[in-house]
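Undergrad: Sequence first, predicted coordinates after that:
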Amino acid sequence: MSTKPKGHRLRVGRFSESGRIYLITTVIENRMPVFQNLYLGRMLVRVLQSSQAFVDTLAYVVMPDHLHWLIQLGEKYDLSTVVASTKSQSARYINQYVKQTGQFWQTGFYDRALRHEDDLQQVARYVIANPLRAGLVNKIGNYPLWDAIWL
């Protein structure tokens with residue numbers, strides 16, 4: 001993992017805690033619907049899967065212009081480093097594939113640290129139901145870019 005670039009630090013008042021569960025949301029630059037292209041979405045999924053050495057992915061959904069990622073942070077790297085590395089690696093692969101350069105993800109990310117009493121399965125259901133709420137599909141099984149450990 002590389003060091004975190006400027007703009008990938010936790011928001012003021014937040015801290016990274018090993019073992020904590022976080023819901024991460026990060027957005028494509030200019031909200032371009034890049035992941036309408038299934039192949040590019042799958043490229044991001046492969047990057048998420050490769051991050052398993054640093055986090056446990058509990059659920060994710062790749063929306064056309066953003067990512068929701070429910071993770072449990074490991075001990076080796078802090079949250080900012082994990083997110084920055086994931087964004088950097090996915091941007092590099094996707095930009096190379098589409099033969100473009102420049103900013104891919106918006107700077108920064110939104111994080112929500114879950115409390116121990118939060119119902120993780122309910123949070124995961126909320127995450128993966130995003131395509132339904134957005135009207136992209138009428139059944140989540142018809143949406144190809146999501147997963148959850150409980151399903």
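TA: Yep, it's here. Remember, predicted model here, so these are calculated numbers, not experimental data.

Undergrad: where do the strands sit along the chain?
TA: 21-27, 55-62, 66-73, 110-113, 146-148 (DSSP state E).

Undergrad: okay, the fourth one in PDB with CA atoms only?
TA: In PDB, the C-alpha atoms belonging to strand 110-113 read as follows (Å, rounded to 0.1, in the frame of the first residue of the first chain):
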ATOM      1  CA  TYR A 110     -17.300   9.600   3.000                       C
ATOM      2  CA  ASP A 111     -16.900   7.200   5.900                       C
ATOM      3  CA  ARG A 112     -19.400   6.100   8.500                       C
ATOM      4  CA  ALA A 113     -18.100   4.200  11.500                       C
END
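
Undergrad: rewinding a little: can you add distance to V127 and mean neighbour count and give the strands of the chain back as TSV?
TA: For the C-beta atoms, the positions are set from N, CA and C on the backbone; glycine is no exception. Below are these laid out as TSV (distance: least, Cβ to Cβ, whole Å; neighbours: other Cβ atoms under 10 Å):
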stretch	distance to V127	mean neighbour count
strand 21-27	7	20
strand 55-62	5	21
strand 66-73	5	22
strand 110-113	11	16
strand 146-148	8	19
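
Undergrad: mind checking which of those is nearest Q100?
TA: strand 21-27 (17.7 Å; Cβ to Cβ).

Undergrad: circling back: what's the closest of the strands of the chain to L40?
TA: strand 55-62 (9.1 Å).
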